[in-house]
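Asker: sequence first, then the predicted structure, then my questions.
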Amino acid sequence: MSAEWGRLQYLHLGSSKDEVDRRMAARWTEKIIQRLWSEWFLLWETRNLQVHGHDQITREASKRAQVIREVRTIYALKGKVMPVDEHAFYDTVEAHTDAQNANQMRNWVTLWKDVMVTSVQTALHRGIRGMQTIASLFARQNTLYGGNNDAASSAETETEPEHEAAAETATEPNASPIFPQGL
């Protein structure tokens with residue numbers, strides 16, 4: 001509470017003809033602050049009992065619900081991790097939560113959370129790097145196994161017209177079909 005609130009309350013009650021009102025004006029700010037803190041503490045305590053439980057049974061249920069939320073969050077990454085890390089998952093979240101108690105799931109979350117986040121990042125990095133067209137994969141397969149080069153030659157001739165025009169205008173042996181000469 002600001003000093004201004006106290007001053008205004010003192011002016012209001014201090015001008016009263018009642019002696020009790022004048023004495024209360026001096027303590028009004030103190031009493032309001034005490035009341036706000038006691039109500040805030042009651043709200044905080046009620047919230048903690050609701051979230052964390054008020055006895056052993058509700059505390060265990062609360063811990064289990066919290067760890068199941070964390071397990072579900074990790075399972076949202078299931079299809080995005082590296083194949084080598086997929087063995088850590090059960091078939092479904094429900095199968096996982098049925099098979100383990102809260103402490104076992106807490107250990108699982110502690111062990112695998114950072115591993116799965118890193119695995120997703122690695123999978124994204126490796127998936128973006130070195131992407132090739134499907135035609136280039138077939139061309140390479142035919143040349144590796146001694147097959148005819150029809151697929152390879154058709155893959156090489158399937159260039160866009162703008163690249164063909166640039167290739168025709170390049171006169172130097174080391175000229176790029178994409179960048180003009182002199183760059």
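Answerer: Yep, that arrived. Numbers count the residues shown, from 1 in each chain.
Asker: tally of neighbours for Ala99?
Answerer: When counting by other CB atoms under 10 Å, one arrives at 10 neighbours for Ala99. (Each C-beta comes from the backbone N, C-alpha and C, glycine too.)
Asker: got the contact list for it?
Answerer: In this structure, Ala99 makes contact with Tyr90, judged by CB atoms under 8 Å, 6 or more residues apart in numbering.
Asker: and the closest residue to Lys78 other than its chain neighbours, how many residues sit next to it?
Answerer: In this structure, Lys78 finds its nearest non-sequential neighbour in Phe89, 5.3 Å apart by CB to CB, 6 or more residues apart in numbering. When neighbours are defined as other CB under 10 Å, Phe89 has 20 of them.
Asker: contact partners for Phe89?
Answerer: Counted by CB under 8 Å, 6+ apart, Phe89 has contacts 75, 78, 96.
Asker: go on, Leu77?
Answerer: 116-117, 119-120.
Asker: any weak-confidence spans in the protein?
Answerer: 1-2, 13-26, 128-133, 139-183 (pLDDT under 70).
Asker: can you do 50?
Answerer: For the chain, residues meeting the criterion pLDDT under 50 lie at 151-173, 175-180, 182-183.
Asker: what segments of it are helices?
Answerer: Ranges of helices within the chain are 3-14, 19-52, 56-75, 93-99, 102-128, 134-144, 150-157, 161-169, based on DSSP state H.
Asker: any chance of the contacts of Phe89 in TSV, with neighbour count and distance to Ile32 too?
Answerer: Output for the contacts of Phe89, formatted as TSV (neighbours: other CB atoms under 10 Å; distance: CB to CB, whole Å):
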residue	neighbour count	distance to Ile32
Tyr75	16	49
Lys78	17	54
His96	20	51
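Asker: Leu137: which of these is nearest?
Answerer: Lys78 (27.3 Å; CB to CB).
Asker: gap between that closest one and Arg7?
Answerer: Using CB to CB, to the nearest Å, Lys78 is found at 62 Å from Arg7.
Asker: now Leu77
Answerer: Taking CB to CB, one finds Leu77 at 58 Å from Arg7.
Asker: list the buried residues of stretch 78-95.
Answerer: 78, 81, 85, 88-90, 93 (16 or more other CB atoms under 10 Å).
Asker: swap in stretch 54-74?
Answerer: 62-64, 66-68, 71, 74.
Asker: pop the domain breakdown of this protein in here.
Answerer: As assigned by automatic domain parsing, the chain contains the domains 3-51, 60-128, 134-167.
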